[in-house]
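Participant: Build the 3D model from these lines:
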Amino acid sequence: MEQKSALLAGASGLIGGHCLRLLLDEPAYTRVTIIVRRQLMLSHDKLVQYAVDFDDLELVGEALTADDVYCCLGTTIKKAGTRQAFCRVDFDYPVKLAALTQHCDAQQFLLVTALGADVHSRIFYNRVKGDVEEAIQKIPFSGLHIFRPSLLLGERNEQRSGEKVGSVLMSGLKYVMGGPLRKYRPIQARDVAKAMVQVAQKNLTDVNIFESDRIQAIANGMGI
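Facilitator: Numbering: from 1, shown residues only. Below you'll find the predicted structure:
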């Protein structure tokens, strides 16, 4: 089995937390590096933690060296406070991370955006997600894998009342959401993380986009 190293940004988030546990359990990885604002209360033989200022990510140096890079960074406009602050987390940081890690010879970049990501969207959130996809596609990774999950299910560290109400409503409708509507079904964050780690082991080349229904199928063991 090929022995690789992984770098994860966003380990304290909903998808990132699941992703971290899966990466530590994945035999293909001998080292898992996480870059966080504050170190996590977690230790593991494989785990290396760096507390960083994402505004000065270029100063981190060798911490950004890895074969596979998992980017699970993201916030909300409400939490960020302003659109500008939201863009800093959801656009600036992922693009900077992609450029710096590619310069450090990373082969694969795995990016979480959102269902509906579109540079031409009238919805600000979706447009930013489309913008970050477009920007990172210009960076020459061997493989760029973009994951567009629908409404995420799972226990967050912070409360998001709007998402909680939406998840209840959508969960009740998921059994009638078939065919083209299947990709709008809510999805467990752990399934998104599971699909990401599985995709990375296939070493796919070029740009690959996984809509929410395909993410779910991969997590369910239906192949990539």
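Participant: after the strand of greatest length in the chain comes which helix or strand?
Facilitator: Using DSSP state E, we find that the single longest strand of the chain is strand 29-36. Counting by DSSP states H and E, the next helix or strand C-terminal to strand 29-36 is strand 47-51.
Participant: Show me what that following strand is packed up against.
Facilitator: Applying 3 or more Cβ pairs under 8 Å, 6 or more residues apart in numbering; DSSP states H and E, one finds that strand 47-51 makes contact with strand 29-36. From N, CA and C alone the C-beta is placed, and that goes for glycine too.
Participant: Please enumerate the strands of the protein.
Facilitator: Using DSSP E, the strands of the chain run over residues 4-9, 29-36, 47-51, 68-71, 108-112, 143-148, 152-153, 187-188, 206-211.
Participant: which one of the ones you listed is the most hemmed in?
Facilitator: Among those, the stretch with the highest mean neighbour count (mean count of other Cβ atoms under 10 Å) is strand 68-71, at a mean of 28.
Participant: gap between that strand and the chain center?
Facilitator: With Cα atoms, centre = their mean, to the nearest Å as the basis, strand 68-71 stands 8 Å off its chain's centre.
Participant: what pairs with that strand, and is each one parallel or antiparallel?
Facilitator: Using DSSP bridges, the strands paired with strand 68-71 are strand 4-9 (parallel), strand 108-112 (parallel).
Participant: Mind listing residues that contact that strand?
Facilitator: 4-10, 16, 19, 23, 29, 94, 97-98, 101, 106-112, 196, 200 (Cβ atoms under 8 Å, 6 or more residues apart in numbering).
Participant: 7 Å - rerun?
Facilitator: By Cβ atoms under 7 Å, 6 or more residues apart in numbering, the residues outside strand 68-71 that reach it are 4, 6-10, 19, 94, 97, 101, 106-112, 196, 200.
Participant: next one: stretch 30-49
Facilitator: Stretch 30-49 is contacted from outside by 3, 5-9, 11-12, 20, 23-24, 29, 50-52, 60, 63, 66, using Cβ under 7 Å, 6+ apart.
Participant: Quick check: end-to-end length of it?
Facilitator: Across its full length, stretch 30-49 reaches 14 Å between end residues, using Cα to Cα, to the nearest Å.
Participant: Could you do stretch 117-128 as well?
Facilitator: 8 Å.
Participant: Would you indicate which residues of that stretch are buried?
Facilitator: 117, 125-128 (16 or more other Cβ atoms under 10 Å).
Participant: measure Gly154 to Ala11 for me?
Facilitator: Going from Gly154 to Ala11 by Cβ to Cβ, to the nearest Å gives 15 Å.
Participant: the more surrounded of those two?
Facilitator: More neighbours surround Ala11 than the other of Gly154 and Ala11, with 24 against 17 (other Cβ atoms under 10 Å).
Participant: OK, contacts around that one?
Facilitator: Listed by Cβ under 7 Å, 6+ apart, the contact set of Ala11 reads 17, 20, 34, 36, 40.
Participant: Give me the mean pLDDT for the longest strand of the chain.
Facilitator: For strand 29-36, mean pLDDT rounds to 97.
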